[in-house]
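1. Would you be able to build a 3D model of this:
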Amino acid sequence: MSDISTWSETDASNTIPANSGMPEGMARSDVNNRVREHMGAIRRWYGDADWIDPISGYGDEFTVSRVNTTTFRVTDVSGSGTDASSKYPQGTWVKLVIGGVTRYGRITSTAYLAPATDVVLADIQDEAYSSAGTDGELPAGSVTLAATFVAKRIRAAAFSPTGATTGQSPPEIPTIDDLGTAAVKAEGHTADDSGINADRLDGLHASELTTASLTSRESVLKNGGFSTWSLGSSNWGANDLDGDDLFADCWYFTHEVGSGLGNIWSLQRTSVQGDIGSHEYAVLLTSTSSALGNKVGLVQTVPSESTRPLVGSGSASLSFQIKMSTGAATNSISAFILESNSATPADPINPITAWGAQDVAPTIGNGWTVAGQVDQADITDAWSEVKIENATIASDTVLVAVLIVTDQPTTVASDELYVTGVQLQAGDQATDYVYDIPKKDETFWESDVNLGAVASGSLPTNFAYTQAHTLKSKPRLIRAVFRCNSADQNYQVGDEIDFAATWRDDASSADGRYGWTFGAGTDGQVFVVCRGLNEWRIVNKTTSSWGTPDLTKWDIYIYAWS
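-> The predicted structure is shown next:
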């Protein structure tokens, strides 16, 4: 019994019985046996028809052996000096079974030194064709199957190397080139030449295709373009910031504090529309002091449910745009991708425990590990992009944080630092910044200041409050809330109570009516109007009894959606 690979292409030469041959004068009883052997051989070939043994016609004159982790050797054991290089052309894929493990690899070169031909492989893959084998290498052991290469069919096209085609015929049959992690490029052209001619395209534009950002991956950060400023003041002065403040919807501000340092930065959102691509806003840090130790950072921690794309990819890439004001002394920036395998590292908000010397990376706190960083990247008064690419993300990572810091010793008052377009993506490449469509600030608005009446500790009689919103149309939904700023009535900081869950007491004998109204006008404003003479009432969070809140511990905000 034999397989097709042992048969001769010359009909008259298929006479050897051991190779299922049929010599003249064979016994009639052997004919049906030969037919069954042929049927079995054809069925076995059918199961692996894409792979062809290119040296089978030489019988047992060649052996195949492993040389090293990327090379196998075809040896002419008959000593006739046959060069097998032509059987293994560059760019084709071969299949080997070494030490009982199947490996596939793309041929990059062959070299003949009688009586052997060495074949060098790249992109070594496992049996599933989808991932690298152990270290991407050929395993040690003997080759138990003669080397075969892929048939010139669709599989050859699908695994052709970057920037090359298979010279397909007819040209209407498309090839697919593997461009690594950037993209998959579909090729082919129609008879009227209206499509893409793969052969022309590869020869002329391969370099452009392999270096361009051909795909976009969603950022796991929130508000990387600072288009929403829903938390914190719209304009923080130096004396307002304490080094651990929340601003711009999930971003935190941090700076070095200590004797003589004080608060030496102000922070706000500023418009950069028309200044840099499609970006509309940037965060603006302004130095208010010439003191040494003027170190400042922006931080965002990605919660566990949002880290899954990074963990699944095993890598992450950070990019952002940055510039300084003309003539400013600050001239470099450092950035970090941090990871933690704990849901509660030492400080999930501010990973810096010590700033250290000037121009030296800060000390990262317990529970955080640096996955990738860039140190002292130059910045000027023109926008430039800073990148960290292909940072390794461990499989047990729970939290990921982005940290952008500057700590120049020559910072002086009025120096300005702008940052925008911050995005953290899965994968080994950072792509162009992509906004969510529609952007949040086009559909959602939040009052940027707490109602002034609350600060006094009591609401005035029959008060009214209005503020202009920034939505592009009249809001379809309005919500007014009390937001807790200090523990009260068993509520914690950040808890919110809808106006509908409160009431205003009015015990006046003359008029026992009380209540409130909030909404949106036709003049581009929202409003809150309240009537009542006495105390405001809310339900205690744990006792379920009516209580009188300390209004100094509550803020009133309005939300609006268009």
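2. Just the mean pLDDT for the biggest strand by length in the chain, thanks.
-> Ranked by residue count under DSSP state E, the longest strand found in the chain is strand 101-113. Model confidence over strand 101-113 averages 86 on the pLDDT scale.
3. mind listing what's buried in it?
-> The neighbour-count check on strand 101-113 (16 or more other CB atoms under 10 Å) flags 101, 103, 104, 105, 106, 107, 110, 112 as buried. Heads up, the C-betas are built off the backbone N, CA and C, glycines and all.
4. Tell me how far the fourth one lies from residue 540.
-> It refers to residue 105. Look at residue 105 and residue 540: by CB to CB, to the nearest Å, they are 70 Å apart.
5. Show the subsequent helix or strand relative to the helix ranked longest in the chain.
-> Taking DSSP state H as the criterion, the chain has its longest helix at helix 28-47. Following the chain from helix 28-47 toward its C-terminal end, the next helix or strand by DSSP states H and E is strand 51-52.
6. The longest strand of the chain pairs with which strands, parallel or anti?
-> Sheet pairing for strand 101-113, assigned by DSSP bridges, gives strand 93-98 (antiparallel), strand 116-125 (antiparallel).
7. Turn those strands into CSV, including distance to residue 269.
-> Putting the strands paired with strand 101-113 into CSV (distance: least, CB to CB, whole Å) gives the following:
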stretch, distance to residue 269
strand 93-98, 53
strand 116-125, 47
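8. In JSON lines, list those along with mean neighbour count, mean pLDDT and distance to residue 278.
-> Formatted as JSON lines, the strands paired with strand 101-113 follow (neighbours: other CB atoms under 10 Å; pLDDT from 0 to 100; distance: least, CB to CB, whole Å):
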{"stretch": "strand 93-98", "mean neighbour count": "21", "mean pLDDT": "84", "distance to residue 278": "42"}
{"stretch": "strand 116-125", "mean neighbour count": "20", "mean pLDDT": "87", "distance to residue 278": "37"}
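9. Now do the strands in the stretch 451-562 of the chain.
-> Under the criterion DSSP state E, counting those that start in this stretch, the stretch 451-562 of the chain carries strands at the ranges 464-468, 477-484, 496-498, 503-504, 515-520, 525-531, 536-539, 546-547, 554-561.
10. nearest to residue 125, of these?
-> strand 554-561 (50.0 Å; CB to CB).
11. Tell me which strands the closest one pairs with, and in which orientation.
-> Sheet partners assigned to strand 554-561 using DSSP bridges are listed as strand 444-446 (antiparallel), strand 477-484 (antiparallel).
12. For those strands, which has the smallest mean pLDDT value?
-> Looking across the strands paired with strand 554-561, the weakest by mean pLDDT turns out to be strand 444-446, at a mean of 82.
13. which outside residues touch that one?
-> 228, 230, 469, 470, 471, 475, 557, 558, 559, 560, 561, 562 (CB atoms under 8 Å, 6 or more residues apart in numbering).
14. Might you report the residue contacts of residue 524?
-> With the criterion set at CB under 8 Å, 6+ apart, residue 524 makes contact with 468, 469.
15. go with 10 Å
-> For residue 524, the contacting residues are 467, 468, 469, 470, 471, 473, 474, 475, taking CB atoms under 10 Å, 6 or more residues apart in numbering as the criterion.
16. Closest to residue 387 out of those residues?
-> Comparing those against residue 387 with CB to CB places residue 470 closest, at 32.2 Å.
17. Distance check, the closest one against residue 518.
-> Separation of residue 470 from residue 518 (CB to CB) stands at 18 Å.
18. likewise residue 431?
-> Plainly put, residue 431 is 42 Å away from residue 518 if you go by CB to CB.
19. likewise residue 104?
-> 66 Å.
20. Just list whatever residues bridge to residue 335.
-> Listed beta-bridge partners, residue 335: residue 374, residue 404 (assigned using DSSP bridges).
21. Could you report the pLDDT at it?
-> According to the predicted model, the pLDDT of residue 335 comes to 95.
22. and it, how many residues sit next to it?
-> Number of residues near residue 335 (other CB atoms under 10 Å) recorded here: 25.
23. the strands in the stretch 251-400 of the chain, which residues?
-> So, for the stretch 251-400 of the chain - with DSSP E, counting those that start in this stretch - the strands run 251-255, 265-271, 281-287, 296-302, 315-324, 332-340, 352-354, 363-364, 369-378, 384-392, 399-406.
24. re earlier: so between residue 470 and residue 518, which is more surrounded?
-> A side-by-side neighbour count of residue 470 and residue 518, using other CB under 10 Å, places residue 518 first with 18 against 13.
25. So, low pLDDT: which residues of the stretch 251-400 of the chain?
-> 257-263, 291-294, 328-330 (pLDDT under 70).
26. May I ask which of the contacts of residue 524 comes out lowest in pLDDT?
-> Sorting the contacts of residue 524 by pLDDT puts residue 473 at the bottom of the list (72).
27. Now it: closest residue in space, sequence neighbours ignored.
-> Spatial nearest neighbour of residue 473, excluding adjacent residues (CB to CB, 6 or more residues apart in numbering): residue 562 at 4.8 Å.
28. what's the neighbour count on that neighbour?
-> Neighbours of residue 562 under the rule other CB under 10 Å: 17.
29. pLDDT value on it, please?
-> Looking at residue 562, its pLDDT is 78.
30. do residue 68 as well
-> According to the model's per-residue confidence, residue 68 sits at a pLDDT of 90.
31. secondary structure element for the closest residue to it other than its chain neighbours?
-> The shortest distance from residue 68 to any residue other than its chain neighbours is 7.6 Å, reached at residue 138 (CB to CB, 6+ apart). In this structure, residue 138 sits in neither a helix nor a strand according to DSSP H and E.
32. Numbering from 55 from now on, please.
-> Renumbered: residue one is now 55, and that last one reads residue 192.
33. Can you list the residue ranges for helices in the stretch 255-404 of the chain?
-> Along the stretch 255-404 of the chain, counting by DSSP state H, counting those that start in this stretch, helices occupy 362-367.
34. Hmm, the residue nearest to residue 527 is touching residue 580, no?
-> No - when contacts are counted by CB atoms under 10 Å, residue 616 is not listed as touching residue 580 (11.6 Å).
35. which residues do those two both contact?
-> 499, 523, 525, 529, 574.
36. Most neighbours among the residues you listed, which one?
-> For these, neighbours were counted by other CB under 10 Å; the highest total belongs to residue 499, with 23 neighbours.
37. ok so, going back, reformat the shared contacts of residue 616 and residue 580 into CSV and put distance to residue 425 next to each item.
-> Converted to CSV, those look like this (distance: CB to CB, whole Å):
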residue, distance to residue 425
499, 36
523, 40
525, 39
529, 42
574, 45
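38. So which of these is the closest to residue 350?
-> In terms of CB to CB, no member of the shared contacts of residue 616 and residue 580 lies closer to residue 350 than residue 499, at 28.7 Å.
39. Could you measure from that closest one over to residue 282?
-> Following CB to CB, the distance that separates residue 499 from residue 282 is 9 Å.
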